[in-house]
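Chemist: predicted model follows, preceded by the sequence.
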Amino acid sequence: MKFRMNLIVAAATGLLAGSLQAQELVVKIGHVGPTSGGIAHLGKDNENGARMAI
């Protein structure tokens with residue numbers, strides 16, 4: 001009985017350790033602004049501001 005309990009604990013520990021591995025986190029950031037016309041400079045300023053904030 002004790003061997004069975006040790007086996008269950010070992011299996012649970014192995015599963016838990018496998019799930020705690022570091023995972024890559026990807027964060028996507030969107031930007032909306034004018035890209036052409038007379039006010040395109042405003043969109044570019046907003047884009048550059050977002051890049052600087054990151």
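Modeler: Everything's here; your move.

Chemist: give me the phi and psi for the residue most central in space within the chain.
Modeler: Centroid check for the chain by C-alpha atoms, centre = their mean gives Leu25 as the closest residue, at 2.5 Å. Main-chain dihedrals, Leu25, degrees, to the nearest 10: phi -110, psi 120.

Chemist: and the gap between it and Ala50?
Modeler: As judged by C-beta to C-beta, to the nearest Å, Leu25 and Ala50 stand 19 Å apart. Heads up, the C-betas are built off the backbone N, CA and C, glycines and all.

Chemist: let me know the secondary structure of Leu7.
Modeler: Judged by DSSP: H, G, I helix; E, B strand; the rest coil, the three-state class of Leu7 is helix.

Chemist: looking at it now. What's its pLDDT?
Modeler: Looking at Leu7, its pLDDT reads 72.

Chemist: neighbours of it, how many?
Modeler: Using other C-beta atoms under 10 Å, the number of residues around Leu7 comes to 10.

Chemist: check Gly43 too.
Modeler: Neighbours of Gly43 using other C-beta under 10 Å come to 16.

Chemist: contacting residues for it?
Modeler: By C-beta atoms under 8 Å, 6 or more residues apart in numbering, the contact list for Gly43 reads Gly33, Pro34, Thr35.

Chemist: the closest residue to it other than its chain neighbours: how many residues sit nearby?
Modeler: In space, and not counting its chain neighbours, Gly43 is closest to Gly33: 3.0 Å by C-beta to C-beta, 6 or more residues apart in numbering. Neighbour count for Gly33, taken as other C-beta under 10 Å: 15.
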